[in-house]
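1. Got a sequence here, can you model it:
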Amino acid sequence: MTNKPRQRLKELRESKGTQRQVAQELGITETHLRELESGRSVPGTRLLKRIEHYFGVPDEEIFPDLHEPSFYLRT
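-> Predicted structure coming up:
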């Protein structure tokens, strides 16, 4: 996990509604969405694509930390 807040995800989510509303629309729990926004959780491939489609924004913009080489070097 990154423990690095994902500000863009939060901004996009706020433009669509509350954490509860967006989580329901994405088919996840509010807690999971909160953990994704805070960087304490990493989405699986299917959820990553669902989020990307939902917001109409490339995943690289929503989750830039997942595209940093250092992300894959963590133990």
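2. Can you give me every residue that contacts Arg34?
-> With contact set as CB atoms under 8 Å, 6 or more residues apart in numbering, Arg34 has these partners: Gln19. For every residue, glycine as well, the C-beta is placed using N, CA and C.
3. That one in helix, strand or coil?
-> Following DSSP: H, G, I helix; E, B strand; the rest coil, Arg34 is assigned to helix.
4. In contact with Arg8, which residues?
-> By CB under 8 Å, 6+ apart, the residues touching Arg8 are Val57, Glu61, Ile62, Pro64.
5. where does the nearest residue to His67 once chain neighbours are set aside land in three-state SS?
-> Nearest residue to His67 in three dimensions, chain neighbours excluded: Glu60, at 5.2 Å (CB to CB, 6 or more residues apart in numbering). What three-state DSSP gives for Glu60 is helix.
6. Could you check how far Glu60 is from Leu33?
-> Going from Glu60 to Leu33 by CB to CB, to the nearest Å gives 19 Å.
7. neighbour count winner among the two?
-> Using other CB atoms under 10 Å as the criterion, Glu60 and Leu33 rank with Leu33 on top: 24 against 10.
8. Could I get the contacting residues of Glu35?
-> Ser41.
9. pLDDT below threshold where in the protein?
-> Applying pLDDT under 70 to the chain flags the ranges 1-3, 71-72, 74-75.
10. got a list of what the residue nearest in space to the middle of it touches?
-> Against the mean C-alpha coordinate of the chain, by CA atoms, centre = their mean, the closest residue is Leu36 at 4.6 Å. Contact partners of Leu36, counting by CB under 8 Å, 6+ apart, are Arg6, Leu9, Val42, Pro43, Ile51.
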